[in-house]
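Asks: Okay, structure incoming, though there's no sequence with it:
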């Protein structure tokens, strides 16, 4: 136990049973790089992790250096129907921020310079185009968690959650104009607006208990007061029930599957169930 | 001395006198992060480096971890006219690739996974949108340096170099459609096309002797056969006369100045002169 | 009979049985404006035209002034399942251009000024952005039908016809970059490239015999030598088997249905069968 | 004097001295089509109209059918420095709408169908992309002049007028995102939002007394209650002091000069001075 007064609060440890089944029709030689494994971190431990590929194909396993993404790569030499099944138990003790003690964000003049990369515009987050809007709408709010809260509230109130309304090339700018999207779009817009007010922000994928319909989820995290804080502008989940998978500047870097060749998904099943400790 | 046959060739050491003067009209509190210093690497050494700010303001100096960009940060508290002057001597021994021994690029199934980040689409390089074009135009060419050569030739033949034709938000897609641009645009399009054929590519800024008119220059480098290779699709310079400054996935990450506040440039002067060794 | 030598040739009269069934789920008060009737013109006569709406709702009928589009408007006051059925027999004597006698297009300095409107960029045909490309690729070809042929050939060779690859907001620029699309996209790109070389061009919808799968079709027509000439860059149909419906500067003006309210299509069936005269 | 109660009010007749001088450097054979003449209409009469071209080149004069734009076309066969000077006196009796008697707009189910063309999205007014935003923000306001007022107010409050912030390819969508622009951009955004709530809207260019700096001006007009009504979302002018030139669906159709060839403007001077009747 620490005496240090910390604006974050340590949530209770929770345990989740997570996994997915992904099936692809592969019509030519294809390399797949999956990013579906729960990440390893001080706040998230994995047990009984099992990944099965049918037909059996050898996989590379690699943890990338910058963000700690856990890649599984496999190489289909010939046409086939490929199924990847992942199953794991994850124990998570997320650190959540305490809404009653909002923290201030570093000014650009003080920000650790390794964070600069999370301020730059990226493929799906054209923060530089939204700078005037963000300044008008959010610059009167104290820099920091309060500002990110305001950004997420604005998105929740102004963007309609609508399955199928967008696609894999939809950007934050498109969503800002079109006013509809799914979790990926809500998160891209939140990231773009945070960067536009000079708060470092990035894209996080994960498994989320209670998500309806079940799917991979995408939320953002922002760098404020020497740590990363999670936010979900869709308000679809409890942050305590989120199991982290991948991290990237935007969805381009944190997709659950990168495909080089000729294949399309025919089936996807994702689950995340919180374990009843007494059960 | 090594007996290993290497397709690259070590160019002779050369020496350059480089520098720049940048003047800004600052109208409110503003933080600047400059990325104008010649980078430190095994093939590039800097001597007599001197950076002067007028009026005198203390600067942070920081070398960022992922790409080795050398940032200088300064904080103008109040309106002023700010001048930054950099001057250095650089000794460079660039490794250039040998056109007579073209190397093959790794397939995505073999690529070091830390290189994956240089295949993703970025703000100004929408490689995923150019995939069909790239496959039609370049996939019959052996993967590797020959393919990058073909991409750079295609750009040189199809895009007109035209000062003032584009702006700071112009993307590779815009340039592909508009068929005109400057070095930044040529390089973005080359990066996008390389990524579209699964060759890792990134953006490099630098000082270049003989560039007319004098300015910062931007070219690309691609990862093939375990190292990075420079290419200049504008054909404006000799690669032996390029002194590297910054590296990024695209211009968003390697701009020579990031500005947070309210300032605009009123004057810029850039120089790079090769030193006559006998002189 | 005329003695005038004409580069166009009068095709034989042909007869077609055309029609469509469109079903919508209407969830709130909605106005529909349909543009599905074969147009009336000197080269196209309609017989036994019948349009039936279920449930029965009174329709406005109106032929718009500029392009002669035949609108049917109906107003659903309340939620319903709406079906519109059209059936007609059309006798057509299309004037087709004679490929052996290519005509020249007017220069902008001579063009009838009422044609100027068909040179302007429109929502889905950003001709001004493709001007450099068009000049490089097509300006060495004699202005006129030969140039339009070259444009349509280029599109046929460089764009892949791919059902489902694009959507209702896809532009000529998107298609130019993405290199795939459907008839609407092929036609938008052809229009944009014609306008970029200063040939007036517009969008024409119609029924087409032999189209597989059956659907409404979209092609372009260009103004050369005092009349309009049809072109189909998809090469999916014989122009003699095309029954014209609507005309517009692009698809925005010639959609088969404009919907103001809340409705979506649940079913569509389109047919066009050439009548065997002996049959 | 009429006894008819009319929500519009007839402004007093006013007289304006208007004109422009446009100079172009022409480097190759070029056709120009100018649209700079005050239009002829029941509310606007022109006197002492004089257009002079130096060097002297014969001009076509043509009034286009759909919108009544008055085109002057001239053909430079060889490189030259071209100056066009227009000067005229205009007597105007604009009909302005009476803010105290707001009129309702036709529903799409009742709108004259010749007005449908002013509801379609155009090159610079992507109304279909702004439909969700427009519905949320403006659909609670009574259809008609009040709604257009609300749209213009919203634009005035949310978009910054900033000379040089945009270019000739900037769209309403860009302006919506970027939140800055000039009169052309304000007007495009207003048109797009009006169309998005199903109010026919179009682009009008003109001379405006008191505009600072002097320039051509662009505003919109909307079709409500059987006539067109002018609105200026920039609030830079008094509508009584506006002399109309061209009309189009957007700026693509109402540019003051269309250029086919190779020329760029080196000088422009525009004036509009209200005549003191006693003077």
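Replies: That came through, no problem. All values reported here derive from a predicted model rather than from experimental measurement.

Asks: Please work out how many residues are found near residue A:19.
Replies: 21 (other Cβ atoms under 10 Å in any protein chain shown). No exception for glycine: its C-beta is placed from N, CA and C like everyone else's.

Asks: Might one say that it is in contact with residue A:271?
Replies: Yes. Residue A:19 lies in contact with residue A:271 (Cβ atoms under 8 Å); the separation is 5.7 Å.

Asks: So what sits opposite the most centrally placed residue in chain A in the bridge?
Replies: Nearest to the mean C-alpha position of chain A, counting by Cα atoms, centre = their mean, stands residue A:204 at 1.8 Å. Beta-bridge partners of residue A:204, counted by DSSP bridges, are residue A:219, residue A:247.

Asks: So it versus residue A:251, what's the distance?
Replies: 11 Å (Cβ to Cβ, to the nearest Å).

Asks: where does the stretch 101-250 of chain A come near chain B, residue by residue?
Replies: A:107-109, A:113-114, A:116-117, A:119-123, A:125-126, A:128-129, A:168-169, A:198, A:248 (Cβ under 8 Å from any Cβ of the partner chain).

Asks: The residue in the stretch 51-200 of chain A that chain C sits nearest to: what's it in contact with?
Replies: Nearest residue of the stretch 51-200 of chain A to chain C, counting by Cβ to the nearest Cβ: residue A:167, 7.9 Å away. Residues near residue A:167 by Cβ atoms under 8 Å, 6 or more residues apart in numbering or on different chains: residue C:167.

Asks: repeat that with 10 Å
Replies: A:174, A:182, A:184, A:185, C:167 (Cβ atoms under 10 Å, 6 or more residues apart in numbering or on different chains).

Asks: Wait, a strand at it?
Replies: No. Judged by DSSP: H, G, I helix; E, B strand; the rest coil, residue A:167 forms no part of a strand; its state is coil.

Asks: Read off the pLDDT value for it.
Replies: Residue A:167 carries a pLDDT value of 92.

Asks: same question, the one 10 residues further on
Replies: The pLDDT attached to residue A:177 in the predicted structure is 98.

Asks: And residue A:94, by the same measure?
Replies: Per-residue pLDDT puts residue A:94 at 79.

Asks: what's the answer for residue A:214, then?
Replies: On pLDDT, residue A:214 comes in at 94.

Asks: so who does the residue nearest to the centre of chain A touch?
Replies: Residue A:204 neighbours (Cβ under 10 Å, 6+ apart): A:39, A:67, A:187, A:217-221, A:228, A:230-232, A:242, A:244-248, A:254.

Asks: Strands of the stretch 101-250 of chain A, start to end?
Replies: All strands of the stretch 101-250 of chain A, identified by DSSP state E, counting those that start in this stretch, fall at A:160-161, A:180-181, A:201-208, A:217-224, A:227-231, A:242-248.

Asks: can I get those in TSV with mean pLDDT?
Replies: Converted to TSV, these look like this (pLDDT from 0 to 100):
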stretch	mean pLDDT
strand A:160-161	97
strand A:180-181	97
strand A:201-208	98
strand A:217-224	97
strand A:227-231	95
strand A:242-248	98
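
Asks: got those as TSV, with distance to residue C:75 columns?
Replies: Output for these, formatted as TSV (distance: least, Cβ to Cβ, whole Å):
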stretch	distance to residue C:75
strand A:160-161	26
strand A:180-181	26
strand A:201-208	44
strand A:217-224	42
strand A:227-231	45
strand A:242-248	48
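
Asks: Quick one: closest of the ones you listed to residue C:15.
Replies: strand A:180-181 (46.3 Å; Cβ to Cβ).
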